[in-house]
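In: Coordinates only, no sequence provided:
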């Protein structure tokens, strides 16, 4: 402690002068995550039922579960993000991860070809998500421009709409995963 700091009161000296009981908020950590992780990144895969649906009768690779878990976590982060561009970007990324989970569950491996967007591959693997795929593919350009500095492209309303639409997409993607591979 610097010599000139001896005159300043500390938390201990303030509470010791009045009484020894600290208020409950004194025990809350200063920095805490906004959302609770669902733990899939840190737990052993053998402790999980590797199933895409709750009944447990279809196999689902761990990578699919992890991608979908990251999508849910990303959507929660988007809901609590303060800046509209961050909300928009996080929600779009959550939808992208959910689409990747559907592809990991349903798509057949291909030989190395040219790079292709998840949104271009999704309609072949899950035709029921084709309209959503077109929507998010179109939103990709706005997301990239806004992240590059064109913040005026994303309003609060746009960000709220993207969060809402990503939420709907995650619900549909979950149903696709519950149906399992085709």
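Out: All right, it came through fine. Only a predicted model underlies this, so the values are computations on that prediction, with no experimental measurement involved.
In: List the contacts of residue 133.
Out: Listed by C-beta atoms under 8 Å, 6 or more residues apart in numbering, the contact set of residue 133 reads 99, 119, 120, 122, 123. C-beta coordinates here come from the backbone N, C-alpha and C atoms, glycine included.
In: okay if I get the residues you listed as CSV plus secondary structure and pLDDT?
Out: Formatted as CSV, those follow (DSSP: H, G, I helix; E, B strand; the rest coil; pLDDT from 0 to 100):
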residue, secondary structure, pLDDT
99, helix, 95
119, helix, 93
120, helix, 91
122, helix, 92
123, helix, 92
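In: Just the buried ones from those residues?
Out: 99, 119, 122, 123 (16 or more other C-beta atoms under 10 Å).
In: between these, which is nearest residue 143?
Out: residue 119 (11.8 Å; C-beta to C-beta).
In: If you tally nearby residues, what's the number for the residue nearest to the closest one when sequence neighbours are not counted?
Out: Nearest in space to residue 119, with sequence neighbours left out and distances taken as C-beta to C-beta, 6 or more residues apart in numbering, is residue 137 at 3.7 Å. Other residues near residue 137 number 15, with proximity taken as other C-beta atoms under 10 Å.
In: tell me the average confidence for the strand or helix carrying residue 137?
Out: Taking DSSP states H and E as the criterion, residue 137 maps to helix 130-147. Mean per-residue pLDDT for helix 130-147: 94.
In: And stretch 61-76, what's buried?
Out: 64-76.
In: could I get those residues as CSV with pLDDT, secondary structure and distance to residue 167?
Out: Formatted as CSV, those follow (pLDDT from 0 to 100; DSSP: H, G, I helix; E, B strand; the rest coil; distance: C-beta to C-beta, whole Å):
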residue, pLDDT, secondary structure, distance to residue 167
64, 90, helix, 19
65, 91, helix, 19
66, 93, helix, 20
67, 93, helix, 17
68, 93, helix, 13
69, 93, helix, 15
70, 95, helix, 15
71, 96, helix, 10
72, 95, helix, 10
73, 96, helix, 13
74, 95, helix, 11
75, 96, helix, 6
76, 96, helix, 10
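In: now the helices for the chain?
Out: 11-18, 62-80, 84-106, 118-125, 130-147, 156-179 (DSSP state H).
In: helices and strands of the chain: which one bottoms out on pLDDT?
Out: Least confident helix or strand, the chain: helix 11-18 with a mean of 50, by mean pLDDT, DSSP states H and E.
In: Any chance of JSON lines for the buried residues of stretch 61-76, columns distance to residue 168?
Out: As requested, those are arranged in JSON lines below (distance: C-beta to C-beta, whole Å):
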{"residue": "64", "distance to residue 168": "20"}
{"residue": "65", "distance to residue 168": "21"}
{"residue": "66", "distance to residue 168": "22"}
{"residue": "67", "distance to residue 168": "18"}
{"residue": "68", "distance to residue 168": "15"}
{"residue": "69", "distance to residue 168": "18"}
{"residue": "70", "distance to residue 168": "18"}
{"residue": "71", "distance to residue 168": "13"}
{"residue": "72", "distance to residue 168": "13"}
{"residue": "73", "distance to residue 168": "17"}
{"residue": "74", "distance to residue 168": "15"}
{"residue": "75", "distance to residue 168": "11"}
{"residue": "76", "distance to residue 168": "15"}
